[in-house]
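Peer 1: sequence first, then the predicted structure:
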Amino acid sequence: MKEISPIAEGLLMIHKIITRGLATSLRKCDEYVMKRGLPPGEASGFTMYVATFSRVTHAHHLSEDDIAFPYFKDHLEAPYDKLKNDHRVLSGLIDTIDQYLPDLSINGVGKLREVLGEFENVWRPHIRSEEENFTAEKLQSVAGIKEQEKIVGKLAAHSSQNAGPGPLALPFMFYNLEGRERELFMKSFPWIVKRVLVPVIWKKQWNPMTPFLLQING
C-alpha cells in the first residue's frame, strides 16, 4: 500500500504552485523583452502576479524554518543547514525582485528576468533536495497521519500570516494548479472561501492576474 503523508503531499503541491509561478514569470519576461515592452493591459496584472509569487514563496519558507524544520530536526536526517541557507539566498533574491517590479521598462524587465533566472538556479535543486529528504515514507516513520495533519494546519496558519492579502494569495495558489491537484489542494478550505470569496467577492481584486493563471473554472 502506498504511504500517505499530508506533509509530503502539501510540500509537492506548494512546490508546484511556486514552480509554475516562477516559470510563468520567466516566460512572460522573455515575451516582453522580445516584444520590446508590455501590452498596456498586462502591466498591473503582471506586477500583481510576480509580487504575489514573491510573498507566497517567502511565506512558505518561513513556515518551514519556523515550524517544519524544528519539529523534524531531532527525528529525521536532512541537510537542514543547507536548506535554511537556500531560504536566505532566495529571500535576498525576492527582495531584489520586489525592487525591480516598479520599473517595467524594457530595461527593467530585462533586470527582472535576470534575477528570476538566478532564483530558478537555486530553486530547482532546493526543492529536489526537500522532496528527496521529506518523502511520505520517511515522514510516516516519525509522525502518524493525525500528527502530520496537525503540523499541516500549523504550517497553513503560519503561511497565511505572511503570504500577503488573502484575496491575492489564495487565487494565486488555487489557479496555479489544475484538475485533480487543484481539487486536492482546495479540499481543506471552507466552502465559502473556495466557492464564494475567491471566485465571486474577491474576483475584482485579483482579476488583473487572470491572463497569467490556469483555467479559472472549477
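Peer 2: In hand now; what should we look at?

Peer 1: Ala59 and Ser159 touch, don't they?
Peer 2: Yes: when contacts are counted by C-beta atoms under 8 Å, Ala59 is listed as touching Ser159 (4.3 Å). Just so you know, the C-beta spots here come from the backbone N, C-alpha and C atoms, and that holds for glycine as well.

Peer 1: list the helices and strands the longest helix belonging to the chain packs on?
Peer 2: Identified as the longest helix of the chain according to DSSP state H is helix 6-35. For helix 6-35, the packing partners by 3 or more C-beta pairs under 8 Å, 6 or more residues apart in numbering; DSSP states H and E come out as helix 43-63, helix 106-133, helix 136-140, helix 145-162, helix 166-174, helix 179-186.

Peer 1: switch to 7 Å and redo it
Peer 2: Packing partners of helix 6-35 (3 or more C-beta pairs under 7 Å, 6 or more residues apart in numbering; DSSP states H and E): helix 43-63, helix 106-133, helix 136-140, helix 145-162, helix 179-186.

Peer 1: please give the element, helix or strand, for Leu104.
Peer 2: According to DSSP states H and E, Leu104 maps onto no helix or strand at all.

Peer 1: mind checking pLDDT for it?
Peer 2: We have a pLDDT of 90 for Leu104.

Peer 1: what do you get for Gly41?
Peer 2: 88.

Peer 1: that one and Asn207: what is the separation?
Peer 2: Taking C-beta to C-beta, to the nearest Å as the measure, Gly41 falls 12 Å from Asn207.

Peer 1: okay, the two: which has more neighbours?
Peer 2: Asn207 (13 against 9; other C-beta atoms under 10 Å).

Peer 1: number of nearby residues for Pro79?
Peer 2: 13.

Peer 1: correct me, but it touches Ser129?
Peer 2: Yes: using C-beta atoms under 7 Å, Pro79 makes contact with Ser129 at a distance of 6.5 Å.

Peer 1: which SS class is Val142?
Peer 2: coil (DSSP: H, G, I helix; E, B strand; the rest coil).
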